[in-house]
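J.: no sequence for this one, just the structure:
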């Protein structure tokens, strides 16, 4: 218990020093280690949860952005199908209509400025077989410009050439996932034959792994000449998608507007709201995805933050209990000259110390959880300085906010009544 030192006068008292405050705080919190530990645990769980949840959200945001950017650089995608009509939220037949043709692709490359390359596509999903094995995957009819536009690299063999396209060659380039599904380990897929819709295609190349999952797995793809796909699979000259690479990011809006105007003119459509196609800007997709994941991150942090409030209430409850238990001590301090400021500072320091210790441990716990999830849970996380700074700031604020009322209550105790307290 702190007793002010006397000098030459019995009534001349010195103020509590910082060293005294730390000493008294340590002594008070150590007096009941179990209660202090349980109170700190509430803050640890709260801070740790917030940091872990924010790390998961930021990791998801980075992963989605990387996935979108990996499909190409400065990419503009044109999809066939009517745009949204008034009163409807879903576009009619988008991606499945037959409103884009090879001539549209040729017109874009010939008439739109700042276009580096154009890659028309015809996509379908088929059952693929090869020497007793089979898989169901996407088959894309493409041209030689596809690797440039969609950032595809060849690991073995070569990609589809213009000559193979014009000659309707039955050749295919497969992804590494398809290669592992159809061919035994150690077998070189290049030169092997696969069956697509009962037609034999010779494998001429294997792409490098890019990653992905589900229907968006860029490794689980087969590429064939687009004219072969139109002749043997679709039986018509139409496209399921038209990918355009702009010269640089600053020209993407100009290219998108010019492509829209050109296609409206070619399709004899005067009202843009009645367009039989739609365009997607890669930058807009990234921005939309970032907005969604940011909202998701905030939601996760808000849910985890509820435990912080609960932890703060636990601190207030402990401090109020401590004030009641130490009523006689408070009365004795006041009787020998301690001021309200000394009493309130002491109890506020105890509350802040609880949250500070809990904040430090909680930050370490949150970082550990994030690393654990990333290493063993298969979910990418991103640990940055923002959630760590947030952890320190929140722990300090909780200590002050939830410790202020108990500290003021202790400071307002009447010393005579406090000394009489049993």
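T.: Cool, the structure landed. Only a predicted model underlies this, so the values are computations on that prediction, with no experimental measurement involved.

J.: Now do the same for residue 133: its pLDDT.
T.: Note for residue 133: predicted pLDDT of 91.

J.: can you tell me how far the nearest residue to residue 272 once chain neighbours are set aside sits from residue 240?
T.: Nearest non-adjacent residue to residue 272, counting by CB to CB, 6 or more residues apart in numbering: residue 264, 6.3 Å away. In short, each C-beta sits where N, CA and C put it, glycine included. Distance check for residue 264 against residue 240: by CB to CB, to the nearest Å, it reads 20 Å.

J.: coming back round to it: does the residue nearest to residue 272 touch residue 275 like I think?
T.: Yes. Using CB atoms under 8 Å as the test, residue 264 is close enough to residue 275 to be in contact (6.1 Å).

J.: how near is residue 118 to residue 53?
T.: Using CB to CB, one obtains 43 Å as the distance from residue 118 to residue 53.

J.: quick one on the thing from earlier: element containing the residue nearest to residue 272, please.
T.: For residue 264, the host element (DSSP states H and E) is helix 252-266.

J.: Toward the C-terminus from that helix, list the very next helix or strand.
T.: Counting by DSSP H and E, what follows helix 252-266 is strand 277-281.

J.: Now the element after that following strand, going C-ward?
T.: helix 282-325.

J.: List the buried residues of the next helix or strand after that following helix.
T.: Remark: after helix 282-325, the chain's next helix or strand is helix 327-335, criterion DSSP H and E. Under the neighbour-count criterion of 16 or more other CB atoms under 10 Å, helix 327-335 has 327, 329-334 buried.

J.: orientation of helix 327-335 relative to helix 282-325 in degrees?
T.: Orientation check (axes from the mean of the first three to the mean of the last three CA atoms, to 10 degrees): helix 327-335 against helix 282-325 gives 80 degrees.

J.: got any ranges where the stretch 251-400 of the chain has weak pLDDT?
T.: Applying pLDDT under 70 to the stretch 251-400 of the chain picks out residues 377-378.

J.: returning to what we had before: and the contacts of the helix holding residue 264?
T.: 74, 76, 78, 100, 103-104, 107-108, 111-115, 244, 246-247, 270, 272, 275, 277, 279, 281-283 (CB atoms under 8 Å, 6 or more residues apart in numbering).

J.: hmm, 6 Å instead?
T.: Here helix 252-266 makes contact (CB atoms under 6 Å, 6 or more residues apart in numbering) with 74, 76, 108, 111-112, 114-115, 246, 277, 279, 281.

J.: Same list, those residues, but as TSV with neighbour count and secondary structure please.
T.: TSV is the format used below for these (neighbours: other CB atoms under 10 Å; DSSP: H, G, I helix; E, B strand; the rest coil):
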residue	neighbour count	secondary structure
74	20	coil
76	27	strand
108	22	helix
111	14	helix
112	21	coil
114	15	coil
115	19	strand
246	26	strand
277	23	strand
279	19	strand
281	17	strand
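
J.: Name the nearest of these relative to residue 359.
T.: The nearest member of these to residue 359, counting by CB to CB, is residue 281 at 42.7 Å.

J.: Enumerate every residue touching the closest one.
T.: Contacts of residue 281 (CB under 6 Å, 6+ apart): 76, 252, 256.

J.: Which residues are in contact with the first one?
T.: Contacts were defined as CB under 6 Å, 6+ apart; by that measure residue 76 touches 244, 255-256, 281.

J.: Now with 10 Å, please.
T.: Residue 76 makes contact with 108, 112, 115, 118, 149, 242-246, 252-253, 255-256, 259-260, 279-284, according to CB atoms under 10 Å, 6 or more residues apart in numbering.

J.: so the closest residue to it other than its chain neighbours, which of the three states?
T.: Nearest residue to residue 76, sequence neighbours excluded (CB to CB, 6+ apart): residue 244, at 4.4 Å. Secondary structure, DSSP: H, G, I helix; E, B strand; the rest coil: residue 244 is strand.

J.: beta partners of residue 244?
T.: Judged by DSSP bridges, the bridge partners of residue 244 are residue 76, residue 118.

J.: I'd guessed it sits against residue 75; true?
T.: Yes. The criterion here is CB atoms under 10 Å, and residue 244 meets it with residue 75 at 7.3 Å.
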